[in-house]
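>>> okay, here's the prediction I keep looking at, along with the sequence it came from:
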Amino acid sequence: MNVLVLYSTHITGAHQIKNMTDAYQATIGAHNHVTALPMSDGGQGFLDAIETYATGCRRATVTVRDTHFRLKDTYYITSQDGKTAYIEAFKICGYDHTDPERNPATAFTHGIGDAIADALSHNCRNFVIGIEEIASIDAGLGMLDALGYKILTDNGNELPLYRGSKMLRACAVADSENAALLKRCRFTIACNDDSAFYAATGPAVRHARRLGANEVTTDILDNGLRNMASVYFHHNGRDVSYIKGGGAGGGVAGAFASFFNAKLKPATTVMPGNKLPNAIKQADEIVIICDSITPAAISGTAFSAMSAILKKCNTRIHYMALHHENAPLLESIGIYNIIVTANPTDDLTALLDRIMQKNND
């Protein structure tokens, strides 16, 4: 019996799930196998997942600017051949609900550009960047500034501060001296958020209040994103308002798509190597542990990408979630065996016991 446990990297106790399954494996004998592998949405834990799936990868330490423009030490990952850099934006400018100064209009994204610039200096030309759970909504202004681009106001002066609250003042873009090099690089953005760049399904309307903004700030940010879509279009000729997922990361995804022709992909599909698809093929039963299973979640890019992978195998699937909604609807589309749990580690042990007992019977 081969059981595969797929767990969300940002769920509480993610590391305990891996440790628990390793310990469980030691108790069940050589004829049974339980393997735990991480699933990332491009946010917290993205690099943990990359390290699980990549062979021969290395950590590269880097000093970047955080959401408050303070210097912080972090790391990104390079591939075995040194040509690809994997960057997790959450480690650089991720949302922290305990931060008393949290405000998506004043948080900076320069650190993302700092990490890219460092990787460029080490001859990386392929970038895979997870941008979920960013604390800022700034259309990538800070990231662009760190890479040498300048945003100009209507009088031709440089924007005084590169953050969301200043988006309405932007009128034009001056290219970076590295623009030609950056355009030759390949950027893949790992994001499971299908937000538009602005308006009802944009990041300001969807996420600004959760990130610490009030109603007035939310309106300012949404209008600012609308303005930046126009500025980027006139500079690059690409209308980010039509790019699905362009609003991910507070509009950072749209900036990558506009300036560097980046591909926006669900995080599950950018994992290196064949470890994940091979593990799915070999599994007799699969347990998926995630935050929630709701109609909205299953219509998103993350669930769709994972479903496409799972459809290729004929395997019984168990779902464990902190909560779920509308069970009849979920069952109507083939999602059964849903366990609602407040403690995934303990309930996973009980579920594995049942699976093994059924197999032995």
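The structure has been received and is ready for your questions.

>>> find the nearest non-adjacent residue to D219, please.
A204 (7.8 Å; C-beta to C-beta, 6 or more residues apart in numbering). (Each C-beta comes from the backbone N, C-alpha and C, glycine too.)

>>> just give me the residue closest to the centre of the chain.
G42 (1.7 Å; C-alpha atoms, centre = their mean).

>>> list the contacts of it.
G130, I131, E132, I189, A190, C191, N192, A248, A267 (C-beta atoms under 8 Å, 6 or more residues apart in numbering).

>>> try 6 Å
By C-beta atoms under 6 Å, 6 or more residues apart in numbering, the contact set of G42 is G130, E132, A190, C191, N192, A267.

>>> please enumerate the helices of the protein.
14-25, 46-53, 89-93, 110-121, 141-146, 179-184, 203-207, 215-236, 252-260, 275-282, 295-298, 301-310, 327-332, 344-360 (DSSP state H).

>>> now do the third one: distance to the chain's middle.
Taking C-alpha atoms, centre = their mean, to the nearest Å, one finds helix 89-93 lying 10 Å from the centre of the chain it belongs to.

>>> what about that helix, average pLDDT?
Mean pLDDT, helix 89-93: 97.

>>> and for that helix, what are the contacting residues?
Applying C-beta under 6 Å, 6+ apart, the contact partners of helix 89-93 are 43-44, 64, 67, 74, 109, 111-112, 131, 133-136.

>>> mind running it again at 8 Å?
Outside helix 89-93, the residues that reach it (C-beta under 8 Å, 6+ apart) are 43-44, 46-47, 64, 66-67, 72, 74-75, 107-109, 111-112, 114-115, 129-136, 249, 252.

>>> do the same with the second one
Taking C-beta under 8 Å, 6+ apart as the criterion, the residues outside helix 46-53 that touch it are 9, 14, 37-40, 57, 75-77, 86, 88, 90-91, 128, 130, 132, 190, 267, 271-273, 275-276.

>>> what's the local residue count around R210?
Residues near R210, counting by other C-beta atoms under 10 Å, number 11.

>>> R169 now?
16.

>>> would you list the phi and psi of R238?
phi -120, psi 130 (degrees, to the nearest 10).

>>> wouldn't it be in contact with V231 here?
No - R238 is not in contact with V231 according to C-beta atoms under 8 Å; the separation is 11.8 Å.

>>> how much space separates P100 from T217?
Remark: distance between P100 and T217 (C-beta to C-beta, to the nearest Å) = 16 Å.

>>> for I116, that is, sorry about that
I116 is 28 Å from T217, by C-beta to C-beta.

>>> check H110 too.
On the measure of C-beta to C-beta, H110 and T217 end up 20 Å apart.

>>> between these two, which is the more surrounded one?
Counting neighbours by other C-beta under 10 Å for H110 and for T217 shows that H110 has the greater number, 25 against 21.

>>> for that one, give me its contacts.
V64, R65, F69, G142, M143, D145, A146, Y162.

>>> may I ask which of these has the most neighbours?
M143 (32 neighbours).

>>> correct me, but it touches A255?
Yes - counting by C-beta under 8 Å, M143 does reach A255; the two are 6.5 Å apart.

>>> next one: phi and psi at the nearest residue to T217 once chain neighbours are set aside?
Among residues not flanking T217 along the chain, A105 sits closest, at 5.1 Å (C-beta to C-beta, 6+ apart). Dihedral pair for A105: phi -80, psi -20, per degrees, to the nearest 10.

>>> right, and A105 touches R163 too?
Yes - if you go by C-beta under 8 Å, A105 and R163 touch, sitting 6.8 Å apart.

>>> what do those two both touch?
Common neighbours of A105 and R163 (C-beta under 8 Å, 6+ apart) do not exist.

>>> mind showing which ranges of the stretch 201-350 of the chain have poor pLDDT?
Counting by pLDDT under 70, the ranges of the stretch 201-350 of the chain that qualify are 294-305, 307-308, 326-335.

>>> so how far is the first residue of stretch 246-254 from its last?
Start and end residues of stretch 246-254 are separated by 4 Å (C-alpha to C-alpha, to the nearest Å).

>>> chain center to it: distance?
Using C-alpha atoms, centre = their mean, the offset of stretch 246-254 from its chain centre is 11 Å.

>>> who's in contact with that stretch?
In contact with stretch 246-254 (C-beta under 8 Å, 6+ apart) are residues 42, 89, 104, 109, 112, 131-132, 134, 136-140, 143, 164, 189, 191-198, 201-203, 206-207, 225, 228-229, 232, 240, 243, 245, 257, 262, 264.

>>> of those, grab the buried ones for ChimeraX.
Selection of buried members from the contacts of stretch 246-254 for ChimeraX, criterion 16 or more other C-beta atoms under 10 Å:
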select :42,89,104,109,112,131,132,134,136,137,138,139,140,143,164,189,191,192,193,194,195,196,197,198,202,203,206,207,225,228,229,232,240,243,245,257,262,264
